[in-house]
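> Mind looking at a prediction? Sequence and model below.
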Amino acid sequence: MTDSGQVSNQPVRVNARTRRSFLISTALMAAIACMLDLAFALGSGWDGWWLATWPVGMLVLWLIGLGTATEWTVAGGELRRRGWLSRPGREPTALMALGPQVEIVHDSRTRWRIQPFGPSIWTRRREATVLVTAMEGAGVRVVDWRRDWARRHRLLDALGVLFQFGTGVGGLAVVLVIATGQQVPMPLYLPFMASIWLYLGFDYLPWMIRRRTPQGA
């Protein structure tokens, strides 16, 4: 029989910095850099000096992205963090004590906010359950109203995911067209801009409804 106290003290990591996640991030950025570099090359006739510097710029953006990425660990009644660019083998740093005095609120699709005076945790959707289980095991009060809203409004939530995907694909298509030296056609530009506003609208709709709804209603 397993002691529940020992289970709750086991480290639980969210947005973990693993070899697999690091390689995926590297491969994705390299693929985007090669695609855009090829588009610029085709548009300029392979004679632009900046073709050699473009991958360097993408490397800088990739490093900035890694620098802002954080691995969160819940263990021993503490919240700990470690940056993705911290030296290999470095242990996570204790940030704050967890317990009944702490509350974590699901604010948006990927953001969780710790109250009072705690950080915001950005996590992938599939890791939400892991985060909730770890916080509940540490005695933290979890206010997961955002996922409750998504369960009640599955169609609206699915549309939000669809427009999020459309924004990413449309943005890449617009950049590729610009890279080849062409003017962005309106049949591409208008749906791209519409997908941005629709994605933002669907993502913040639950938050706006909650603000307008009296507490306890």
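Received it, and whenever you're ready, just let me know what you need. Numbering: from 1, shown residues only.

> From now on I want contacts and neighbour counts done on CA atoms only, so please keep to that.
Fine.

> which ones are touching Met96?
Met96 sits next to 78-80 when contact means C-alpha atoms under 8 Å, 6 or more residues apart in numbering.

> give me the number of residues near Val161?
Residues lying near Val161 (other C-alpha atoms under 10 Å) number 16.

> for this protein, which spans come out with low pLDDT?
Within the chain, the segments meeting pLDDT under 70 span 1-9, 37, 39-54, 179, 209-217.

> Tell me the one of the contacts of Met96 nearest Tyr204?
Leu79 (27.2 Å; C-alpha to C-alpha).

> Name the next helix or strand following the helix or strand harbouring the closest one along the chain.
Take DSSP states H and E as the rule and Leu79 turns out to sit in strand 78-83. Following strand 78-83 in sequence order, the next helix or strand is strand 93-97 (DSSP H and E).

> Return the angle between stretch directions for that next one and strand 78-83.
If you take axes from the mean of the first three to the mean of the last three C-alpha atoms, to 10 degrees, strand 93-97 sits at 150 degrees to strand 78-83.

> Could I have the CA atoms of strand 93-97 written out in PDB?
Below are the C-alpha coordinates for strand 93-97, written out as PDB (Å, rounded to 0.1, in the frame of the first residue of the first chain):
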ATOM      1  CA  THR A  93      15.100  26.900  -7.700                       C
ATOM      2  CA  ALA A  94      12.500  27.100  -5.000                       C
ATOM      3  CA  LEU A  95      10.100  29.900  -5.700                       C
ATOM      4  CA  MET A  96       7.300  29.700  -3.100                       C
ATOM      5  CA  ALA A  97       5.700  27.500  -0.600                       C
END
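
> Quick one: the helices in this structure, in order.
Per DSSP state H, the chain carries helices over the ranges 4-8, 19-44, 50-68, 128-137, 145-152, 154-179, 186-212.

> winner for burial among those helices?
A comparison of those by mean neighbour count, using mean count of other C-alpha atoms under 10 Å, puts helix 128-137 on top with a mean of 19.
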